[in-house]
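Trainee: Below is the structure, and that's it, no one-letter string:
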């Protein structure tokens, strides 16, 4: 599936929220989640979440990887977060890796995800505001 520069291969057990679909409440899933519609609530998956250009999320997200090409308002916690050029994010991020493409809009704070370190300064957690 290719939509606005995001190339992902969907598996048979992945979840797709279509352009005309709207989900309210808590979503807990063990597979990848692809969003082209609207989700209003909390989303948790041990896999990846991709929000396409038409997708809108209002709430908090926790996943392994998070790719945003649409609109998001809330908190995101993921190992890797990628904001593509059409992304609009209002909220706070906690991640190990943050990629922001030119043209993306991000209003909020970004916090480095704490990894286990063999360092004397392992309690140091910088906070960045953009």
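Mentor: Yes, it's here. The shown structure was predicted, so the numbers you read here are calculated from the model rather than taken from an experiment.
Trainee: can you tell me which residue is nearest the centre of this protein?
Mentor: Residue closest to the mean C-alpha point of the chain, counted by Cα atoms, centre = their mean, is residue 66 at 3.3 Å.
Trainee: wait, doesn't residue 73 sit right on residue 91?
Mentor: Yes. Applying Cβ atoms under 8 Å as the test, residue 73 and residue 91 come out as touching, 5.9 Å apart. Every residue, glycine included, has its C-beta placed from N, CA and C.
Trainee: so residue 79 makes contact with residue 98?
Mentor: No. The criterion here is Cβ under 8 Å, and residue 79 misses it with residue 98 at 10.6 Å.
Trainee: Looking at these two now, which is surrounded by more residues?
Mentor: residue 98 (20 against 15; other Cβ atoms under 10 Å).
Trainee: The one helix or strand residue 40 maps to - contacts with which helices or strands?
Mentor: Following DSSP states H and E, one finds residue 40 within strand 38-45. Using 3 or more Cβ pairs under 8 Å, 6 or more residues apart in numbering; DSSP states H and E as the contact test, the elements touching strand 38-45 are strand 22-29, strand 56-58, strand 61-68.
Trainee: Make CSV from these and add mean pLDDT and distance to residue 36 to it.
Mentor: Compiled in CSV, the helices and strands packed on strand 38-45 are given as follows (pLDDT from 0 to 100; distance: least, Cβ to Cβ, whole Å):
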stretch, mean pLDDT, distance to residue 36
strand 22-29, 90, 11
strand 56-58, 96, 10
strand 61-68, 95, 13
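Trainee: Comparing the ones you listed, which comes out most buried?
Mentor: strand 61-68 (a mean of 22; mean count of other Cβ atoms under 10 Å).
Trainee: Sheet partners, orientation included, of it?
Mentor: Strand 61-68 has these partner strands in its sheet, going by DSSP bridges: strand 38-45 (parallel), strand 48-51 (parallel), strand 76-83 (parallel).
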